[in-house]
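Engineer: predicted model, plus sequence, below.
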Amino acid sequence: MSPLPDPPATPSPAPPPTPQPAPPGTEAKPSEPAKATTTKAAKPEPKSKLKSRLLMAGAGLLVLALLFWAFKPRPLAVEVAQVSQGRFERAVQEYGKTRVQDRYMVSAPLAGRLGRLDLRQGDRVAKGDIVARLWPMAPALLDERTRASQAAGSAALEAAVAGSQANRRRAQAAVDQARVDLQRSEALARQGFVSPTLNDAGRLSLRLRLQELESAHQQALAAQHELEQAQAAGRAFGPQAAGGRQPSFALVSPVSGQVLRILQQSEAAVPAGAGLLELGDPKRLEVVVDLLTEDATEVKAGASVQLLNWGGSQALTGQVRWVEPAAFTKVSALGVEEQRVNVLVELSAPPAQWQALGDGYKVDVRILVQVVEQAVMVPVSALFPMGDQSGLFVLEQGNRAVLKQITVAARNGVQACIKDGKHGKDSLKVGSTVIVYPDSKLKDGARVEARRK
């Protein structure tokens, strides 16, 4: 199609031409130029209208095509996965820590002054080795008032000692007098000047004076001891008085093993029952993990255990040895009170694999509570609630999403085990393609475009 001609420029009005007289011998002819000009200008008008109509029709068709393309239903892009068959495992996973099976706490059996321990953590000890020593406690320091009071008490006791010694000397003099009187009475009785009965009275008097002498002697000793006790209480405390020359009490190791922890390294005064150090054998390790009570009810003794993220290159194997019968309350990081129970795990891996582990190390514990062989499994992300069962979308009939209702036997964090997955109307075949993370706008029979994970 040739381009439309430019519209003619509008001429400025000109004065009408002045008629010229015709030359002689010529005939006057009618004027034709105006008519010819008018005819030529009217011919392009129908062609311009046709082009405009064609352009408008083309633009309308283009708009309709764009609207059809914009509102045309297109397939929904979805992620898909495959239905698989194999070993299904459901496990309980929680943090745990290692500990020595047989731990021994060495404590002070009586109050005293503990000497500085020469042992360090990790040192090996044999049964019967001396691990610590206790000395008697040092006396309390005295102020001036107490010291003066004790000095006065000591002076009073010194006077009492002097009085008791005087009584003893008096009793000794009475004994001497009774003995002399008895000797004189016996001599007169032999000569017949006195009655023999007087000799019996003299003997009784001598015995009485001897008993009085013994009593005075004991009183003097008691007063002397009281004086020494008062003087010892008032004696000033010094390093030399409480040195290592005093008799000590030795604490011995009850078992052969290693020092796990030292609770009191330096010299100090300790009360009776205070813990000093812990002993045990690091080669006899176990793992303790506290589980929620609802998870612990599914754990049985002898269940297989995997220890992960313990620092080694491979997972360690073990088995549940014991589930404690009593639970305890524990506050979670969110401040929620939880009922938990301790589960003890025994390591079954060779000691060479976990020799780097020690007491109190953190591990991830995975306890198997259910195992199904040759189970039909689908990703958990493909399931959604559908009544009392679960639903999912399966790609069938040329990339169309078909809704199916299935029964889930068990699930873990990744896979779900399908109950009766091989039979029935809504059965799933191994290798079928299912939609994971289905969109809420996805309907049964909708066309989709698969996008592999």
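Structural biologist: Cool, the structure landed.
Engineer: centroid residue for the chain?
Structural biologist: Nearest residue to the geometric centre of the chain (C-alpha atoms, centre = their mean): residue 95, 6.8 Å.
Engineer: is residue 451 in a bridge, and if so with what?
Structural biologist: residue 79 (DSSP bridges).
Engineer: contact partners for it?
Structural biologist: Contact analysis of residue 451 by C-beta atoms under 8 Å, 6 or more residues apart in numbering lists 77, 78, 79, 80. From N, CA and C alone the C-beta is placed, and that goes for glycine too.
Engineer: can I get stretch 307-315 as CSV, trimmed to CA atoms?
Structural biologist: Coordinates of each C-alpha in stretch 307-315 appear next as CSV, following Å, rounded to 0.1, in the frame of the first residue of the first chain:
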residue,chain,number,x,y,z
LEU,A,307,24.2,-40.7,68.0
LEU,A,308,24.7,-37.8,65.7
ASN,A,309,26.6,-34.5,65.7
TRP,A,310,29.0,-35.6,68.5
GLY,A,311,32.1,-34.4,66.7
GLY,A,312,33.1,-37.5,64.9
SER,A,313,33.0,-38.3,61.2
GLN,A,314,30.4,-41.0,61.5
ALA,A,315,27.3,-41.8,63.6
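Engineer: what mean pLDDT does it get?
Structural biologist: Computed over stretch 307-315, the mean pLDDT rounds to 90.
Engineer: so what touches that stretch?
Structural biologist: Under the contact criterion C-beta under 8 Å, 6+ apart, stretch 307-315 has outside partners 96, 287, 306, 316-318, 345, 347, 353-354, 356-357, 361-366.
Engineer: tell me which helix or strand comes right after the helix or strand bottoming out on mean pLDDT in the chain.
Structural biologist: Every helix and strand in the chain was compared by mean pLDDT, DSSP states H and E; the lowest is helix 33-42, with a mean of 45. For helix 33-42, the following helix or strand on the C-terminal side (DSSP states H and E) is helix 45-71.
Engineer: can you pull out the helices in the stretch 201-350 of the chain?
Structural biologist: Ranges of helices within the stretch 201-350 of the chain are 293-296, based on DSSP state H, counting those that start in this stretch.
Engineer: what ranges of it fall below the confidence cut-off?
Structural biologist: Residue ranges of the stretch 201-350 of the chain with pLDDT under 70: 234-245.
Engineer: how is this structure carved up into domains?
Structural biologist: The chain breaks down into these domains under automatic domain parsing: 82-97+282-452, 104-137+242-280, 144-233.
Engineer: among the ones you listed, which comes closest to residue 54?
Structural biologist: Evaluated with C-beta to C-beta, the domains of the chain place domain 82-97+282-452 nearest to residue 54, the distance being 37.5 Å.
Engineer: what about residue 247, distance to residue 136?
Structural biologist: Look at residue 247 and residue 136: by C-beta to C-beta, to the nearest Å, they are 8 Å apart.
Engineer: helix, strand or coil for residue 408?
Structural biologist: strand (DSSP: H, G, I helix; E, B strand; the rest coil).
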